[in-house]
Structures are given as C-alpha cells and as structure tokens.
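Novice: I would like the atomic coordinates for the input below:
(one chain, ligands or ions: 2)
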Amino acid sequence: MLNIVIFGAPGSGKGTQSEKLVAKYGLQHVSTGEILRDEIEANTELGKLADSYMSKGELVPDCIVIDMLDCRTEKKRHVKGFIFDGFPRTVPQGEALSKMLSKHEEDVNAVISLEVADEELIDRLLKRGQISGRSDDNRETIEARLKVYYRQTSPLKEFYKERGILKEIDGIGTVDEIFRTIENEIDQLIK
Ligand code: AP5
Ligand code: MG
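Specialist: Ligands and ions are numbered 1, 2, ... in the order given. Down below sits the predicted model:
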C-alpha cells in the first residue's frame with residue numbers, strides 16, 4: 001500500500017493536488033473536510049455538531065474525526081493506498097492514523113507539505129468564497145482557520161520530520177508545476 005498525507009494550510013491546494021494524485025496513482029482519497037461537509041448537507045447529528053465548529057474555523061474534536069476515519073479506512077482496506085487530505089490535523093490525530101494503519105502492518109509513507117505564504121492563501125480562499133458557498137470561506141473565518149493551522153496543525157511537521165518522511169514542497173506556481181514536484185517525490189518512493 002502507498003499511504004500519502006497531503007498536508008498544508010487552508011487554501012494550500014490539498015484538494016486540488018489530491019484529485020491529480022487519485023487520477024495518476026489510483027489511491028483512495030480521504031478528505032475529512034469533504035466527509036464532514038457531506039454530513040452537514042445531509043443534516044445528520046454529526047453534521048450539525050461539525051457545523052458548529054467548522055463555521056467558526058475551529059477543529060472538530062479529535063475523537064469524532066478519528067472514529068469517523070477509522071470506520072472508512074477499515075471498510076476500504078483493499079485499496080492500493082490512501083491519500084489523506086486534511087487529516088491528521090493534530091498530533092493525537094497523527095498518532096491515531098499510525099495506529100489505524102498498523103492494524104494492517106502499514107504506516108504513512110510520505111507527508112507532502114504544500115508551503116504557501118499567508119497572503120496567497122487568503123487571496124485564494126477569498127476568491128473561492130465568491131463561488132464556493134463554503135460557510136468558512138469569508139475573511140473572518142479564514143483568519144481563524146489560519147490561526148488554528150499554526151497553533152494546532154503545524155506542530156505535526158516536526159512530528160513527521162522526526163520520522164524522516166516530511167517532504168516540503170513549494171506550493172506556489174501552476175497546479176501542474178506543483179504536481180510535477182509531487183510526482184517526483186512519489187516516484188522516488190515507489191521506485
Ligand atoms: P478542509 O476541508 O480540510 O479545509 P482546509 O484545510 O481549510 O483547506 P481547503 O479545503 O480550504 O483548502 P485546500 O488546501 O484543499 O486547497 P484547495 O485545493 O481547495 O477543512 C474544513 C474544516 O473542517 C476545518 O476548518 C475543520 O473545522 C474541519 N475539519 C476537517 N478535517 C478535520 C480534522 N482532521 N480534524 C478536525 N477538524 C477537521 O485550493 C484552494 C483554492 O485555491 C481553490 O479555489 C483552488 O482552485 C485554488 N488553487 C489551488 N491550487 C492553486 C495554485 N497552484 N495556484 C492558484 N490557485 C490555486
Ligand atoms: Mg480541501
């Protein structure tokens with residue numbers, strides 16, 4: 001199995017690059033943000049709870065997200081591998097992910113971190129906000145999401161650096177240019 005985490009701040013291009021990775025490597029895309037937005041859309045209890053955090057730009061509590069993901073990876077464990085997008089987002093989630101994968105003698109193989117300056121992130125998300133309908137794509141919530149990223153999520157970079165699997169990539173450029181750099185990293189991994 002090939003298990004990749006696509007990592008980065010809000011707006012860094014995780015979703016965009018995940019689509020291309022799915023198309024090229026046939027991996028199963030797991031986006032916790034998308035799963036939660038589907039729950040909100042379906043007006044489930046989980047969706048209502050998640051919305052109360054997401055609309056403020058805060059993280060949904062670890063235990064909820066970890067349980068939700070454990071179920072999904074378990075159901076799909078016959079796939080070639082996973083691309084985790086927006087998960088993990090805290091060190092406890094990173095620990096939980098390794099534990100989940102270790103049940104099948106697997107682990108995360110690489111963490112691709114898309115590095116993009118704040119001004120560019122804000123610009124991209126404000127632009128998307130004009131068409132996305134996402135309740136968190138407005139200036140106030142974007143700023144809250146960035147603060148949460150630096151406070152709660154970015155410490156995971158050190159966590160994965162210590163494990164020798166962090167690949168920091170310049171996330172500015174065209175979508176295709178960035179994808180070529182990611183492809184190089186992954187091709188080295190599967191060589
Ligand atoms: P989530 O859905 O994961 O959102 P996010 O991390 O805030 O990031 P985005 O999806 O906004 O950006 P992206 O990096 O995918 O970039 P994209 O490719 O779309 O999470 C949302 C919320 O859910 C969280 O705040 C939290 O509340 C909750 N949540 C989710 N997972 C959780 C977890 N594990 N634990 C707890 N809570 C969780 O690109 C952005 C824009 O830029 C697009 O318009 C795109 O077209 C454009 N773009 C992409 N690439 C480029 C480029 N190279 N140049 C110019 N523009 C580009
Ligand atoms: Mg996304």
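Novice: surely Glu115 touches Lys167?
Specialist: No: counting by C-beta atoms under 8 Å, Glu115 stays clear of Lys167, with 10.5 Å between them. For every residue, glycine as well, the C-beta is placed using N, CA and C.
Novice: may I have the secondary structure class of the residue lying closest to Leu21 once chain neighbours are set aside?
Specialist: Closest residue to Leu21 apart from its sequence neighbours, by C-beta to C-beta, 6 or more residues apart in numbering: Ile83 at 5.3 Å. Three-state call for Ile83 (DSSP: H, G, I helix; E, B strand; the rest coil): strand.
Novice: hmm, back to that, quick one: which of Glu115 and Lys167 has more around it?
Specialist: Taking neighbours as other C-beta atoms under 10 Å, Glu115 and Lys167 compare with Lys167 leading, 18 against 14.
Novice: quick one: the helix or strand bottoming out on mean pLDDT in the chain to strand 81-85, angle?
Specialist: Every helix and strand in the chain was compared by mean pLDDT, DSSP states H and E; the lowest is helix 62-75, with a mean of 90. Going by axes from the mean of the first three to the mean of the last three C-alpha atoms, to 10 degrees, helix 62-75 is angled at 160 degrees with respect to strand 81-85.
Novice: may I see the buried residues of helix 62-75?
Specialist: Buried residues in helix 62-75, counted by 16 or more other C-beta atoms under 10 Å: 62, 64-66, 68-69, 73.
Novice: elements contacting that helix?
Specialist: strand 28-31, helix 32-41, helix 45-54, helix 91-102 (3 or more C-beta pairs under 8 Å, 6 or more residues apart in numbering; DSSP states H and E).
Novice: what about it, near ligand 1?
Specialist: Yes: Helix 62-75 lies within reach of ligand 1 by C-beta under 6 Å from any ligand atom, at Val65.
Novice: enumerate every residue touching the most centrally placed residue in the chain.
Specialist: Geometric centre of the chain, nearest residue: Gly86, 2.0 Å, by C-alpha atoms, centre = their mean. Neighbouring residues of Gly86 by C-beta atoms under 8 Å, 6 or more residues apart in numbering: 14, 31-33.
Novice: which single residue of the protein ends up nearest ligand 2?
Specialist: At 3.3 Å from ligand 2, Gly15 is the closest residue in the chain, using C-beta to the ion.
Novice: now the angle from the helix or strand hosting that residue to helix 32-41?
Specialist: Using DSSP states H and E, Gly15 sits within helix 14-25. On the basis of the same axes, to 10 degrees, helix 14-25 is oriented at 110 degrees to helix 32-41.
Novice: and the contacts of helix 14-25?
Specialist: Against helix 14-25 from outside (C-beta under 8 Å, 6+ apart): 2, 4, 6-8, 27-29, 31, 33-34, 80-81, 83, 85-86, 112, 114, 175, 178-179, 182-183, 186.
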